[in-house]
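J.: After the sequence you'll find the predicted model.
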Amino acid sequence: MKKDANDAGTAIISSPENVILDCLERDIAAHPERLQPITAEQVRRVQPLVGDVSVELDTPLPPDDA
């Protein structure tokens with residue numbers, strides 16, 4: 001997942017995130033048979049855990065959480 005950080009439309013991804021995404025990319029390329037769709041049952045089980053959580057993706061995190 002090599003992205004040019006200078007592209008206007010490209011989000012800046014931190015180094016730890018790049019490491020994880022690169023690892024994920026290599027694993028998917030090497031073992032595409034491991035990919036599985038998310039089932040309706042999995043969605044049903046997760047929804048109560050995050051049901052009322054709202055996320056504002058454009059709002060910066062407070063300094064303590066950044």
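T.: Perfect, thanks for sending it. Note that this is a predicted model, so its numbers are computed, not measured.
J.: Quick check: longest helix in this structure by residues?
T.: helix 15-30 (DSSP state H).
J.: That helix: what's the following helix or strand?
T.: Beyond helix 15-30 in the direction of the C-terminus, DSSP states H and E gives the next helix or strand as helix 40-50.
J.: Could you check how far that following helix is from the centre of its chain?
T.: 18 Å (CA atoms, centre = their mean, to the nearest Å).
J.: List the buried residues for it?
T.: Of the residues in helix 40-50, none has enough neighbours to count as buried (16 or more other CB atoms under 10 Å). (C-beta placed from N, C-alpha, C; glycine too.)
J.: Dump the C-alpha coordinates for it into CSV.
T.: Output in CSV follows, covering the C-alpha atoms of helix 40-50 (Å, rounded to 0.1, in the frame of the first residue of the first chain):
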residue,chain,number,x,y,z
ALA,A,40,-25.1,-11.0,8.8
GLU,A,41,-24.6,-12.9,12.1
GLN,A,42,-21.2,-11.2,12.7
VAL,A,43,-22.8,-7.8,12.1
ARG,A,44,-25.7,-8.6,14.4
ARG,A,45,-23.2,-9.6,17.2
VAL,A,46,-21.1,-6.5,16.8
GLN,A,47,-23.9,-3.9,16.6
PRO,A,48,-24.7,-3.9,20.3
LEU,A,49,-21.1,-3.1,21.1
VAL,A,50,-21.0,0.0,18.9
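J.: quick one: average pLDDT of it?
T.: Mean per-residue pLDDT for helix 40-50: 91.
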